[in-house]
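>>> Provide a 3D model corresponding to the input given below.
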Amino acid sequence: MIDRLLRAMAEMIAACAALILPGASRDWGRAMREEVRDIPRSSEALLFALGCLVGACREIFGPADLEEAAHEGEPSGEPAGKNARALLIVCATVAVLLGLGHMRAGGAPTTMMLMNLIALALGLLLLSTTSMLRSFLPAPDPRSLSLLLSLLLLATALAGVTVDGATRWIRLSGLSIQPSLILLPLILLWFVRRASPASLLAVLLSAVALALQPDRAMAGALAAGLLALALARSDRVTLFALTAAVAGFVATLARPDIQPAMPFVDQILWTAFELHPLAGIAVAGGAVLLVVPGLMLMAGGTGDRPVGAVFAATWFAIILAAALGNYPTPLVGYGGSAILGYLACLWGLPRASATDRRSMDGVARAAPEESRRNLRAGMIATQTIV
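Sure, this is the predicted structure:
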């Protein structure tokens, strides 16, 4: 059974890697999938597939895929921004796989593991689809989109599914989805990069929605993210948003939260160690991985540091809430909402400035073999590390 699961995971990851490759590298994508099928041992096939994913990430976020930074005149920290985007996908994949190992050791139903894999594959598919559409469709305005996402959060609070006094979910085809885990981190990142009346209103509506639900964990994540932004870049708009977020968080504290712990979803940062030390290490290690892209951005250019601080603070707060209460443990626990929300953060991370793009375009055109080297380097690096 475990051998078949590893084989299915390897083939799914290789398929995702092939999907996100640009057209010029599609032959490599097909070769990846055939190679994964031909490798006799499932564990080796999985390592090779992870290497394919790393190489594909390096290719899709390479020099040809750069766009202007959100804040003109600020150092863009292009290498950190580009690498953080690829690292986010790798961290998400590894965290999900570590969580699957814990669920397998704990005897979780196969359907739970498949749902997490499907959420990972769906998230990667959405990212690759939007990347391809960007080449011939105008980019939507993130400020308007963030306002739309906040209205969806508010609609969830007013008309969503209620369980034990909390209204945090919607049902789609029999599946329970928590929109706040999917939408809130992206709303925060867009607010950091493109502060405007619309993005500020989106943050305020999100604070109200989370207070109404109530969702203490996500309200705390909103406050933590804005606190990190205020420490990194203090201004009146940020302080106003932080005040509203803190008020929303206090409102959730004033209301009872009696949600019971769900197996393989809540409190697994502690119960995994009771199951087996290696299971606990896998869960804790996967949780730590989630903040790594933010830390990389914080170590990069000045313009990237506020985004990195908000990203790291938001996901750390979500993990902390899962450790302290009965809240979903992101990515390493069962649930597709956090997986989709984490991957969606890619749309909020910075790219390079226009100056960096012009200086690198010539390199990209003059080196057509760079794509193949990126893929090879990613495959070799992942197999060496793992």
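>>> so residue 54 versus residue 113, what's the distance?
Going from residue 54 to residue 113 by C-beta to C-beta, to the nearest Å gives 22 Å. C-betas here are computed from N, CA, C, even on glycine.
>>> typo on my end, it should be residue 27
Distance, residue 27 to residue 113, using C-beta to C-beta: 32 Å.
>>> I'd assumed residue 261 was in contact with residue 326.
Yes. Contact status for residue 326 versus residue 261: in contact at 4.5 Å, counting by C-beta atoms under 8 Å.
>>> of these two, who's got more company?
Neighbours were counted for residue 326 and for residue 261 using other C-beta atoms under 10 Å; residue 326 has more, 16 against 12.
>>> residue contacts, that one?
Contact partners of residue 326, counting by C-beta atoms under 8 Å, 6 or more residues apart in numbering, are 257, 259-262, 266-267.
>>> please apply the same query to residue 273.
279-280.
>>> please identify the helix or strand for it.
Assigned by DSSP states H and E, residue 273 falls within helix 268-275.
>>> let's have the contacts of residue 326 in CSV, adding secondary structure, pLDDT and distance to residue 192.
Output for the contacts of residue 326, formatted as CSV (DSSP: H, G, I helix; E, B strand; the rest coil; pLDDT from 0 to 100; distance: C-beta to C-beta, whole Å):
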residue, secondary structure, pLDDT, distance to residue 192
257, coil, 84, 28
259, coil, 84, 30
260, coil, 87, 35
261, coil, 86, 33
262, coil, 91, 32
266, coil, 91, 29
267, coil, 90, 31
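>>> of those, keep whichever come out buried.
For the contacts of residue 326, a burial check counting by 16 or more other C-beta atoms under 10 Å picks out 257, 259, 266-267.
>>> how many residues are close by the residue nearest to residue 204 when sequence neighbours are not counted?
Among residues not flanking residue 204 along the chain, residue 244 sits closest, at 5.2 Å (C-beta to C-beta, 6 or more residues apart in numbering). Residue 244 has 21 neighbours, counted by other C-beta under 10 Å.
>>> tell me if I'm right that residue 244 and residue 205 touch.
No. Applying C-beta under 8 Å as the test, residue 244 and residue 205 come out as separate, 9.6 Å apart.
>>> same for the host helix or strand of residue 122, what does it pack against?
Assigned by DSSP H and E, residue 122 belongs to helix 110-133. Contact partners of helix 110-133 among helices and strands, from 3 or more C-beta pairs under 8 Å, 6 or more residues apart in numbering; DSSP states H and E: helix 2-20, helix 78-105, helix 336-344.
>>> what's in contact with the first one?
Contacts with helix 2-20, where a contact means C-beta under 8 Å, 6+ apart, come from 26, 29-30, 32-33, 35-37, 39, 42-43, 45-46, 48-50, 52-53, 55-57, 60, 93, 97, 100, 104, 110, 113, 117, 120-121, 124-125, 127-128, 131.
>>> for PyMOL, write the selection for the buried entries among those residues.
Typed into PyMOL, the next command selects the buried ones out of the contacts of helix 2-20 (criterion: 16+ other C-beta under 10 Å):
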select buried, resi 29+32+33+36+39+42+45+46+48+49+50+52+53+55+56+57+60+93+97+100+104+113+117+120+121+124+127+128+131
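>>> before we move on, the earlier item: just want the angle from the helix holding residue 122 to helix 2-20.
Helix 110-133 and helix 2-20 are oriented at 10 degrees to each other (axes from the mean of the first three to the mean of the last three C-alpha atoms, to 10 degrees).
>>> could you identify the helix or strand that succeeds helix 110-133?
Next along from helix 110-133, by DSSP H and E: helix 142-159.
>>> in that following helix, what's buried?
For helix 142-159, the neighbour count (16+ other C-beta under 10 Å) marks 142-143, 145-147, 149-150, 152-154, 156-157 as buried.
>>> packing partners for that helix?
Applying 3+ C-beta pairs under 8 Å, 6+ apart, one finds that helix 142-159 contacts strand 166-172, helix 179-193, helix 197-212.
>>> about what we covered before: a markdown table for the contacts of residue 326, including distance to residue 347?
Formatted as a markdown table, those follow (distance: C-beta to C-beta, whole Å):
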| residue | distance to residue 347 |
| --- | --- |
| 257 | 30 |
| 259 | 30 |
| 260 | 34 |
| 261 | 32 |
| 262 | 29 |
| 266 | 28 |
| 267 | 31 |
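>>> spit out the contact partners of the residue positioned nearest the centre of the chain.
By C-alpha atoms, centre = their mean, the chain has its centre lying nearest to residue 342, at 1.8 Å. By C-beta under 8 Å, 6+ apart, the residues touching residue 342 are 88, 92, 123, 185, 290, 315, 330-331.
>>> distance of it from residue 54?
Using C-beta to C-beta, residue 342 is found at 17 Å from residue 54.
>>> need the helix or strand of this protein with the lowest average pLDDT.
In the chain, no helix or strand scores lower on mean pLDDT, DSSP states H and E than helix 354-366, which sits at a mean of 39.
>>> now do the helix or strand harbouring residue 45: which elements does it pack against?
Using DSSP H and E, residue 45 sits within helix 42-60. Applying 3+ C-beta pairs under 8 Å, 6+ apart, one finds that helix 42-60 makes contact with helix 2-20, helix 26-38, helix 78-105, helix 370-385.
>>> other SSEs contacting the shortest one?
Going back to what we said before, that points to helix 26-38. Applying 3+ C-beta pairs under 8 Å, 6+ apart, we find helix 26-38 packed against helix 2-20, helix 42-60, helix 370-385.
>>> next: the longest one.
The helices and strands touching helix 78-105, judged by 3+ C-beta pairs under 8 Å, 6+ apart, are helix 2-20, helix 42-60, helix 110-133, helix 268-275, helix 277-289, helix 292-298, helix 336-344.
>>> out of the buried residues of helix 142-159, who's nearest residue 220?
The closest of these to residue 220 turns out to be residue 153 (C-beta to C-beta; 15.2 Å).
>>> OK, contacts around the closest residue to that closest one other than its chain neighbours?
Leaving aside its chain neighbours, residue 153 sits nearest to residue 209 (4.0 Å; criterion: C-beta to C-beta, 6+ apart). By C-beta under 8 Å, 6+ apart, the contact set of residue 209 is 150, 153-154, 156-157, 180.
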